[in-house]
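1. Okay, predicted coordinates and the sequence, questions at the end:
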Amino acid sequence: MTSIEWTDRVWNPTTGCTRVSSGCDRCYAENISRRFAGSTAFPNGFELTLHPERIEDPLSWRKPSRVFVNSMSDLFHTDVPTAFVHHVFDVMERATDHQFQILTKRPGPMKSFITAREAAKTAYAAKFDHCPTPQMRDSPAARQARYRAANPPANIWLGVSVEDQKTADLRIPQLLATPAAVRFISAEPLLGPLDLSEVLLQRCPCCHGEGHGEPFDDGGCGPCDDAGCDGGFTRGLDWVIVGGESGPGARPMDLAWAKDLTTACRQDHVPVFVKQLGSSRGRDHKDIERFPKALQHRQFPRLAPVPTATAVMAGRA
């Protein structure tokens with residue numbers, strides 16, 4: 001279990017990592033793993049370590065939960081074998097009672113992995129088109145394969161950690177180019193102002209949303225004068241987490257940065273979760289009742305209903 005406010009429990013098929021940017025400078029995972037180096041949990045301290053014995057743990061959890069994947073590591077670290085990552089994803093796709101939240105500071109490897117995995121599903125589904133009989137081409141197995149090819153797993157959320165505008169500009173575009181049911185960012189620790197106006201709701205290239213009005217509930221809107229335009233708004237980020245830095249020597253988060261980010265999310269109807277204000281603000285930095293009113297928001301992504309496997313195979317989804 002965990003005290004992280006936006007999840008229910010953590011699952012660490014790997015532990016350990018290496019630093020990639022300033023957001024890693026006071027990494028809580030590094031401090032914990034070095035403190036307990038040599039234990040069962042962290043046998044090699046903060047050195048990247050695979051834990052294959054943990055991979056299938058979620059299949060035994062009965063209570064549906066939000067699960068933070070690799071709170072003590074990065075699943076897309078370059079030293080994690082691709083086959084190992086596939087095994088992790090296989091388990092997540094089987095454990096449909098849970099919602100898995102993956103955060104990385106390595107969106108390039110994540111994009112490459114997910115794109116290849118989804119392409120393999122498409123290629124597999126296409127094989128049913130060449131079956132010799134209509135019954136085989138429209139069998140339950142064929143329907144399930146086509147559904148999986150057309151829909152990223154609804155219970156797997158993909159996100160990137162960003163700490164300032166530079167890391168946001170580097171990481172978020174790659175996240176948005178990655179197939180996912182839910183795409184989110186964790187702006188924690190927030191170390192500078194962050195303008196997400198280009199990625200919360202993205203506008204069509206021909207008219208940039210002019211004349212479209214507000215987006216519809218499904219994320220789209222009416223067509224513009226250009227016959228090739230599907231609508232003025234396209235889906236951007238689905239969720240934003242905001243938080244200061246915690247732990248000894250925490251760098252302060254300017255509340256104006258958090259307020260501007262929270263206001264922008266609410267204006268574009270993107271759920272926002274203000275986790276905490278940073279240890280530099282004292283012992284009450286996690287008490288939402290003591291946050292400024294503008295920061296008292298703890299929302300989760302709006303999720304579409306997930307059809308059952310039976311409905312998919314029967315052609316009802």
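-> Noted; the coordinates are in hand.
2. helices or strands up against the helix or strand containing residue 116?
-> Residue 116 is part of helix 107-127, with elements assigned from DSSP states H and E. Packing partners of helix 107-127 (3 or more CB pairs under 8 Å, 6 or more residues apart in numbering; DSSP states H and E): helix 82-94, helix 140-150, strand 156-161, helix 165-176. (Glycine included, C-beta is placed from N, CA and C.)
3. Identify the residues contacting it?
-> Residues outside helix 107-127 that contact it (CB atoms under 8 Å, 6 or more residues apart in numbering) are 75-76, 78, 82, 85-86, 89, 102, 104, 142, 145-146, 148-149, 152, 158, 160, 170-172, 174-175, 177-180.
4. repeat that with 6 Å
-> Helix 107-127 is contacted by residues 76, 104, 145, 146, 148, 149, 160, 171, 174, 175, 178, 179 when judged by CB atoms under 6 Å, 6 or more residues apart in numbering.
5. relative to helix 140-150, how tilted is it?
-> Counting by axes from the mean of the first three to the mean of the last three CA atoms, to 10 degrees, helix 107-127 points 150 degrees away from the direction of helix 140-150.
6. Skipping adjacent residues, who's closest to residue 48 in space?
-> Nearest non-adjacent residue to residue 48, counting by CB to CB, 6 or more residues apart in numbering: residue 16, 4.1 Å away.
7. my read: the one you found touches residue 45, true?
-> No: counting by CB atoms under 6 Å, residue 45 is not a contact partner of residue 16; they are 7.1 Å apart.
8. Looking at those two, which one has more neighbours?
-> residue 16 (23 against 16; other CB atoms under 10 Å).
9. mind listing what the more buried one touches?
-> 46, 47, 48, 49, 73.
10. Residue 87 too?
-> residue 55.
11. how near is it to residue 199?
-> Distance, residue 87 to residue 199, by CB to CB, to the nearest Å: 31 Å.
12. And residue 103, by the same measure?
-> Separation of residue 103 from residue 199 (CB to CB): 16 Å.
13. Please apply the same query to residue 297.
-> Separation of residue 297 from residue 199 (CB to CB): 19 Å.
14. So those two - more neighbours on which side?
-> Neighbours were counted for residue 297 and for residue 199 using other CB under 10 Å; residue 199 has more, 20 against 17.
15. who touches the more buried one in this structure?
-> The contact partners of residue 199, by CB under 6 Å, 6+ apart, come to 172, 236, 237.
16. filter those residues to the buried ones?
-> 172, 236, 237 (16 or more other CB atoms under 10 Å).
17. Show me the strands in the stretch 151-300 of the chain, by range?
-> 156-161, 182-187, 201-203, 233-235, 239-243, 272-276 (DSSP state E, counting those that start in this stretch).
18. Give me the pLDDT value at residue 27.
-> pLDDT recorded at residue 27 is 89.
19. What is the neighbour count of it?
-> 17.
20. Please report how far it lies from residue 35.
-> 12 Å.
21. Could you do residue 178 as well?
-> 34 Å.
22. Just want to know which of the two has more residues nearby.
-> More neighbours surround residue 178 than the other of residue 178 and residue 35, with 20 against 10 (other CB under 10 Å).
23. What number of residues are in the vicinity of the nearest residue to residue 263 once chain neighbours are set aside?
-> For residue 263, ignoring the flanking residues on the chain, the nearest one in space by CB to CB, 6+ apart is residue 294 at 7.0 Å. Counted with other CB under 10 Å, the neighbours of residue 294 add up to 14.
24. What distance do you get for residue 294 to residue 273?
-> Note on residue 294: its distance to residue 273, by CB to CB, is 14 Å.
25. Residue 71 now?
-> Per CB to CB, residue 71 is found 16 Å from residue 273.
26. What of residue 266?
-> 12 Å.
27. quick one, which of those two is more surrounded?
-> Taking other CB under 10 Å, residue 266 and residue 273 do not tie; residue 273 has more neighbours (21 against 14).
28. pLDDT value on the more buried one, please?
-> 97.
29. Quick check: it touching residue 6?
-> Yes: under the criterion of CB under 6 Å, residue 273 makes contact with residue 6 at 5.2 Å.
30. ok, back up a step: for the helix holding residue 116, buried residues please.
-> Quick answer for helix 107-127 (16+ other CB under 10 Å): 107, 109, 110, 111, 113, 114, 117, 118, 121, 125.
31. quick one: the third one from residue 158, how far?
-> Put plainly, it is residue 110. Applying CB to CB, the value for residue 110 to residue 158 is 7 Å.
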